[in-house]
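Visitor: Would you be able to build a 3D model of this:
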Amino acid sequence: MSGPTRDVTQLPDLVHGHARAGPVRERRPVYVDLLPPCNAGCPAGENIQAWLAHTQAGRHEQAWRELVADNPFPAIHGRVCYHPCESVCNRANLDSAVSIHAVERFLGDLALEQGWAFDPPPPVPGAKRVLVVGAGPSGLSAAYHLARLGHAVEIRDAGAVPGGMMRYGIPAYRMPRDILDGELDRIAAMGVRMTCDHRVEDLEAERQEGGFDAVFVAVGAHLSKRVDIPARDTGRIVDAVSFLRSVASGERPVIGRRVAVYGGGNTAMDAARVARRMGADEALIVYRRTRAQMPAHEEEAADAEREGVRINWLQTITAFDGPELQVELMELDESGYPQPTGKFETLAADTVILALGQETDTAFLHAVPGVEFERDGTVIVSPSLMTGSPGVFAGGDMVPSERTVTIGVGHGKKAARHIDAWLRGAAAESRPKHDVATFDMLHLWFFGDAERRQQPELAPEERVGGFDEVTGGLSLEQATYESGRCLSCGNCTECDGCLGACPEEAVIKLGVGHGYMYDYDRCTGCAACYEQCPVHSIEMFPEPA
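Guide: Have a look, this model is predicted:
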């Protein structure tokens, strides 16, 4: 007779084994904060999503203060920034991008109307003295942020009044001077000293005589590039920067009835549009490449054409004997580079305005030990924007970068942070950025279509009669609606979707403004909350080992 029967089923390992029934959580949900693409795309580093949320909730002053923590010029930027934030806005893939620049302008204009002022700088024992050379967007931004950090700042500028190219290069129909002055007055009210009509020619001497501990140089690019065009005395040739500066200063240069502008950038578009306002019956832009290759923003070219400016593509000026202008037709080679064809046309022009780009006047820096230059004359700087001379920083149009007001303001903010750290003998803090919330992460079932609110504009025939502002602002209702179109990509809106979706009641609401937390003793990892979150503020992570 055989021995006792053995049970072939092994006993479970209650210490190391897994449950044999019921859900086994392999992933757990975690609340995350991702970087919205608009914030990531802003050269001034604005927390756009935050101030849009305040605007939608009617907290307008709070929205403005959130905005000016990064950029002191919302009324200016809402008018002249080419809003790269909107080009990456996820909403553009749904219907159309949020009109971020229009809401920014609304807040900036409201602040001027209400008289909101910057907070006074904090008293700092042993505050350092910083010299800023140049009162354009980059220099003014640096002065503002340095003052907020408690430093004593003086700006010295060669112009009669501060503003740089914002005043002398951007026409009044885009940048009304009362708006510009209102935003700049706040900088002076903080205690920043502004010395105008003062051209810095010996930087080292000025630094020593003034007892400055550091310097930020941002003199911009005010010198027009020249080109040799055979011309007789009857042909009037001027550069675009000088032309725009003279008009901005209140002069009325004689240009005749027919004006040709040579170039394809934003300055060329402005020069042609100003020429129309100065009485030119015909304004023509001559550009040697195609429309797709022009450096000007498409909206600038479209506005110029609406105002009667004609653009001739694939042409280059070869001679000017007013009133006759000779141009050669060009064609693109296999690499897309324009080549002459030997075919010529004769056009009519009383004046030619050269808009072929600008260069920076950095001659006064050549005597500063350690400062180095690129072949085009721009100043070489480190990632901290410091030149090869200790304590001398540079930014804006005079360093290698794209030349816009917003990038200049961003340089000023960045330089201030690094100057402050250098003065303290430390390294500027660099916090890692969150991952960007992309369109494919969002759950679009939550969002309906919402048509973008359009800003009012003057009719083309009204525009050319003067320098009244072409584009108007949004109303309170429109700004509230437009800010509400923000998808809040990657950041919780407290919509309660996760709270309602959880079958185990594992989501705990912490109160308005405080979000939620998980009770992981209840959570089964079913991901219902993750699937319900419209903005991807919940991510599923593998269960910790």
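
Visitor: For this protein, which helix or strand comes out least confident on mean pLDDT?
Guide: Within the chain, no helix or strand scores below strand 223-224, which has a mean of 75 by mean pLDDT, DSSP states H and E.

Visitor: partners of the helix or strand following that one in the sheet?
Guide: The helix or strand immediately downstream of strand 223-224 is strand 236-239, counting by DSSP states H and E. With DSSP bridges as the test, strand 236-239 is paired with strand 351-354 (parallel).

Visitor: coming back round to it: just checking: what are the partner strands of the least confident helix or strand of the chain?
Guide: Here strand 223-224 has these sheet partners by DSSP bridges: strand 358-359 (antiparallel).

Visitor: and the partner strand, average pLDDT?
Guide: Averaged over strand 358-359, pLDDT sits at 80.

Visitor: same thing with stretch 59-66?
Guide: Mean predicted confidence for stretch 59-66 is 98.

Visitor: How about stretch 304-323?
Guide: Mean predicted lDDT for stretch 304-323 stands at 93.

Visitor: Give me the buried positions along it.
Guide: 304, 306-309, 311-317, 319-320, 322 (16 or more other Cβ atoms under 10 Å). (C-beta placed from N, C-alpha, C; glycine too.)

Visitor: Name the helix or strand for Asp270, please.
Guide: Per DSSP H and E, Asp270 falls inside helix 266-277.

Visitor: can you list the residues that contact the next helix or strand after that helix?
Guide: Sequence order places strand 282-286 as the next helix or strand after helix 266-277, per DSSP H and E. With Cβ atoms under 8 Å, 6 or more residues apart in numbering as the test, strand 282-286 has contacts from 257-264, 268-269, 272-273, 275-276, 304, 308-312, 315-317, 327, 347-349.

Visitor: strands paired with strand 282-286, and their directions?
Guide: Each strand paired with strand 282-286, and its direction, by DSSP bridges: strand 258-262 (parallel), strand 309-312 (parallel).

Visitor: next structured bit after that strand?
Guide: Using DSSP H and E, the first helix or strand after strand 282-286 is helix 298-306.

Visitor: and that next one, what other elements does it pack with?
Guide: helix 266-277, strand 309-312 (3 or more Cβ pairs under 8 Å, 6 or more residues apart in numbering; DSSP states H and E).

Visitor: Show me what the first one is packed up against.
Guide: Using 3+ Cβ pairs under 8 Å, 6+ apart, the elements in contact with helix 266-277 are helix 240-248, strand 258-262, strand 282-286, helix 298-306, strand 309-312, strand 351-354.

Visitor: Need the winner for burial among the helices and strands packed on helix 298-306.
Guide: Burial of those is given as mean neighbour count (mean count of other Cβ atoms under 10 Å); helix 266-277 ranks first at a mean of 26.

Visitor: Quick one: work out the angle between that helix and strand 258-262.
Guide: Interaxial angle of helix 266-277 relative to strand 258-262 (axes from the mean of the first three to the mean of the last three Cα atoms, to 10 degrees): 170 degrees.

Visitor: And the contacts of the least confident helix or strand of the chain?
Guide: With Cβ under 8 Å, 6+ apart as the criterion, strand 223-224 contacts Asp239, Ala240, Val241, Ser242, Leu354, Ala355, Leu356, Gly357, Gln358, Glu359, Thr360, Asp361.

Visitor: sec struct for the last one, please.
Guide: Reduced to three states with DSSP: H, G, I helix; E, B strand; the rest coil, the structure at Asp361 is coil.

Visitor: Now it. Its backbone dihedrals?
Guide: Backbone torsions of Asp361, given as degrees, to the nearest 10, read phi -90, psi 90.

Visitor: ok, it - how many residues close by?
Guide: 16 (other Cβ atoms under 10 Å).

Visitor: So what's the residue count around the closest residue to it other than its chain neighbours?
Guide: Counting by Cβ to Cβ, 6 or more residues apart in numbering, Asp361 lies nearest to Leu223, which is 5.4 Å off, once chain neighbours are set aside. Residues within reach of Leu223, counting by other Cβ under 10 Å, total 16.

Visitor: if we can go back for a sec, which one of the helices and strands packed on helix 298-306 lies nearest to Ile380?
Guide: Of all the helices and strands packed on helix 298-306, helix 266-277 sits nearest to Ile380, with 25.0 Å by Cβ to Cβ.

Visitor: what angle do that closest one and helix 240-248 make?
Guide: Using the same axes, to 10 degrees: helix 266-277 against helix 240-248 is 40 degrees.

Visitor: elements contacting the longest strand along the chain?
Guide: The longest strand of the chain (DSSP state E) is strand 338-348. If you count contacts as 3+ Cβ pairs under 8 Å, 6+ apart, strand 338-348 packs onto strand 282-286, strand 315-321, strand 324-332.

Visitor: Would you format these as TSV with distance to Pro43 included?
Guide: TSV is the format used below for these (distance: least, Cβ to Cβ, whole Å):
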stretch	distance to Pro43
strand 282-286	27
strand 315-321	32
strand 324-332	31
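
Visitor: Figure out which of those is closest to Gly472.
Guide: The closest of the helices and strands packed on strand 338-348 to Gly472 is strand 282-286. By Cβ to Cβ, the value is 24.2 Å.

Visitor: isn't Ala349 right up against Val327?
Guide: No. With contacts counted by Cβ atoms under 8 Å, Ala349 stays clear of Val327, the gap being 9.9 Å.

Visitor: thinking again about what came up before, let's see if you can find the most crowded of the contacts of strand 223-224.
Guide: Neighbour tally across the contacts of strand 223-224 (other Cβ under 10 Å): the maximum, 28 neighbours, falls on Ala355.

Visitor: contacting residues around that residue?
Guide: Per Cβ under 8 Å, 6+ apart, neighbours of Ala355: Ser224, Asp239, Ala240, Val261, Tyr262, Gly263, Gly265, Thr267, Ala268, Ala271.

Visitor: Could you check the pLDDT of the last one?
Guide: The one in question is Ala271. At Ala271, the pLDDT value in this model is 96.

Visitor: same question, the second one
Guide: For Asp239, the pLDDT comes out at 91.

Visitor: mind showing which ranges of the chain have poor pLDDT?
Guide: For the chain, applying pLDDT under 70 flags the ranges 1-23, 232-235.

Visitor: quick check: longest helix of it.
Guide: helix 405-423 (DSSP state H).

Visitor: just checking, what packs against it?
Guide: Helix 405-423 is packed against helix 74-80, helix 137-148, strand 214-217, strand 392-394, with contacts defined by 3+ Cβ pairs under 8 Å, 6+ apart.

Visitor: just those: most buried one?
Guide: Stretch with highest mean neighbour count among the helices and strands packed on helix 405-423: helix 137-148 (a mean of 29; mean count of other Cβ under 10 Å).

Visitor: angle of that helix against helix 405-423?
Guide: On the basis of the same axes, to 10 degrees, helix 137-148 is oriented at 40 degrees to helix 405-423.
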